[in-house]
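Novice: pasting a predicted model and its sequence here:
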Amino acid sequence: MSSEPQRDTVPFLDLVQPHLALEGELTEAFQQALRRAQFVGGPEVDAFEREFASHCGAQWCVGVNSGTDALRFAFIALGLKPGDEVITTAHTFIATTEAITQAGGVVRFVDIDYETMTVSPKAVGAAVGPRTVGIVPVHLYGQPADLDPLLDLARKHHLWVVEDAAQAHGARYKGRRVGAIGDVGCFSFYPGKNLGSLGEGGALTTLNPTLRDTVRMQREHGQSSKYVHETEGYNGRLHALQAAFLRIKLRYLDEWNQRRRQVAAWYREALKDVSEIQLPREASYAEHVYHLFVVRTNRRDALRDQLTHAGIGTGLHYPTPLHLQRAYAHLAVPQGALPETEDAAASCLSLPIFPEMTQSQVGRVADGIRSFFRVR
Ligand SMILES: *Cc1c(COP(=O)(O)O)cnc(C)c1O
């Protein structure tokens, strides 16, 4: 194996190609921004907010500085108070739960569904208690969580639902785009996301104008108008330059998501007879947008080493579930308490996926996996 010449590498993610392909448009937007010299807020941000709201089927969008800000501002706007409990998954990026704590809430972890690796509605139902105020489903890897049973629970117990859609721009739940199904949708435009800025960025989407107004104040030091502060707030605005770049990239989002779906279809075809690998399941209610293509195997670490050796980039999302992180030791959720979550963390492997990925690159990754498992 090591005597073979090193073949072409397959990166986990390629952020160069898509931006070079748009170099002319992005450069023109930069030149316009220089001449306009309105760098924070302004017409580009307003226009992006309108366009992104419309893409999600939401009434309103508020651009903010990051996905983490979007979550934090959503919780504050929903009136989260110290001691209020918010139910969510431990199989996610820490931003989801950091924002709950930073807004004054208490994180309550529940287990995930085996098929979708998103929060289990049954587990949520069992965890609702007198201090519960909200539920945060995470549309993980580009697949929506099962929202209807969560919305039923929310109606029954007077809870709110904040969708963490940071990995699922454009994904659909029963035909509707995520972000406008719960009370608030939170998006990240971190560069590697399906819609990424050229820096940091985020947004909230909602149908509720009162929430919209509170979030607009939160991102701007609690201001209702210049130097009139209703509360303390944050410096959490979306930069005009990022909004201008995002407006350009938003026009390609649907096409990029379709290409991600094509890459996923190629993987399915190329790996369908490798029984040691479990391919991601697309729920019957979902249109998955494959932010990540995550397979599962109980020989994950050895497979990952061999792929790395073959020049194939992979990732782990996420190797240690949040309830077992030192940051959440105070919650005292013991190992074994969330078995599906812990199993997912131990077995998941993210394969390369990006819109420009070719069928031959998918073939190279599949060959690496087939040779590891000695299939054909
Ligand atoms: C990326 C991400 C976030 C945070 O977004 P930032 O823009 O990096 O703050 C939140 N939740 C999930 C699930 C994410 O993947």
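Specialist: Okay, I see it.
Novice: run a quick neighbour tally on the residue in the chain positioned nearest to the ligand.
Specialist: At 2.5 Å from the ligand, Gly67 is the closest residue in the chain, using C-beta to the nearest ligand atom. Glycine gets a C-beta too; all of them are placed from N, C-alpha and C. Number of residues near Gly67 (other C-beta atoms under 10 Å) recorded here: 27.
Novice: tell me the confidence at it?
Specialist: Per-residue pLDDT puts Gly67 at 98.
Novice: just the buried positions in the helix or strand hosting Asp213, please.
Specialist: Element membership for Asp213 (DSSP states H and E) is helix 209-218. Residues of helix 209-218 classed as buried: Leu211, Arg212, Thr214, Val215, Arg216, Met217, Gln218 (neighbour count, 16 or more other C-beta atoms under 10 Å).
Novice: list the contacts for the most centrally placed residue in the chain?
Specialist: Central residue of the chain (C-alpha atoms, centre = their mean): Gln167, 2.1 Å from the mean position. By C-beta atoms under 8 Å, 6 or more residues apart in numbering, the contact set of Gln167 is Val138, His139, Leu140, Tyr141, Gly142, Ser188, Lys193, Asn194, His291, Leu292.
Novice: which residue is the nearest non-sequential neighbour of the residue of the chain closest to the ligand?
Specialist: Ser188 (2.6 Å; C-beta to C-beta, 6 or more residues apart in numbering).
Novice: likewise for Ala283?
Specialist: Excluding the flanking residues, the one nearest Ala283 by C-beta to C-beta, 6+ apart is Thr116, at 5.3 Å.
Novice: please apply the same query to Asn208.
Specialist: Asp183 is the one closest to Asn208 (C-beta to C-beta, 6+ apart), at 6.6 Å.
Novice: what sits against that neighbour?
Specialist: Ala74, Leu78, Trp160, Val161, Val162, Thr206, Asn208, Leu211.
Novice: now for the residues you listed, which sits with the most neighbours around it?
Specialist: In terms of neighbours by other C-beta under 10 Å, the contacts of Asp183 top out with Ala74 at 32 neighbours.
Novice: could you look up the SS state of that one?
Specialist: Assigned with DSSP: H, G, I helix; E, B strand; the rest coil, Ala74 falls in the helix class.
Novice: surely it meets Gly182?
Specialist: No: Ala74 sits out of contact with Gly182 when judged by C-beta atoms under 8 Å, with a separation of 9.6 Å.
Novice: pull the number of nearby residues for Ala21.
Specialist: Neighbourhood size, Ala21 [other C-beta under 10 Å]: 12.
Novice: I meant Pro43, not that one.
Specialist: If you count neighbours by other C-beta under 10 Å, Pro43 ends up with 12.
Novice: so it versus Glu49, what's the distance?
Specialist: Distance of Pro43 to Glu49, given as C-beta to C-beta, to the nearest Å: 11 Å.
Novice: same question for Cys61.
Specialist: Cys61 is 4 Å from Glu49, where distance means C-beta to C-beta.
Novice: identify the contacts common to those two.
Specialist: Shared contacts of Cys61 and Glu49, defined by C-beta under 8 Å, 6+ apart, comprise Ala203.
Novice: who has more neighbours, those two?
Specialist: Cys61 (28 against 22).
Novice: that one in helix, strand or coil?
Specialist: Going by three-state DSSP: Cys61 is strand.
Novice: what's the span of stretch 200-220, first residue to last?
Specialist: End-to-end distance of stretch 200-220 (C-alpha to C-alpha, to the nearest Å): 17 Å.
Novice: now do stretch 367-376
Specialist: With C-alpha to C-alpha applied, stretch 367-376 spans 10 Å between its terminal residues.
Novice: same question, stretch 327-341
Specialist: 17 Å.
Novice: contacts for it, please.
Specialist: Contacting residues not belonging to stretch 327-341 are listed as 89-91, 94, 97, 107, 109-114, 117, 120, 321-324, 342 [C-beta under 8 Å, 6+ apart].
Novice: quick one: Gly363 and Leu271 touch, right?
Specialist: No: contact criterion C-beta under 8 Å: Gly363 and Leu271 do not qualify, at 10.6 Å.
Novice: give me the sheet partners of whichever strand or helix holds Phe109 and which way each runs.
Specialist: Using DSSP H and E, Phe109 sits in strand 106-110. Its sheet considered, strand 106-110 pairs with strand 85-89 (parallel) by DSSP bridges.
Novice: the helices in the protein, which residues?
Specialist: Using DSSP state H, the helices of the chain run over residues 16-21, 23-36, 43-56, 67-77, 95-102, 121-127, 147-157, 209-218, 240-271, 300-309, 339-347, 359-372.
Novice: out of the ones you listed, deepest packed?
Specialist: helix 67-77 (a mean of 27; mean count of other C-beta atoms under 10 Å).
Novice: helices or strands up against that one?
Specialist: Applying 3 or more C-beta pairs under 8 Å, 6 or more residues apart in numbering; DSSP states H and E, we find helix 67-77 packed against strand 60-64, helix 95-102, strand 160-164, strand 184-188, strand 202-206, helix 209-218.
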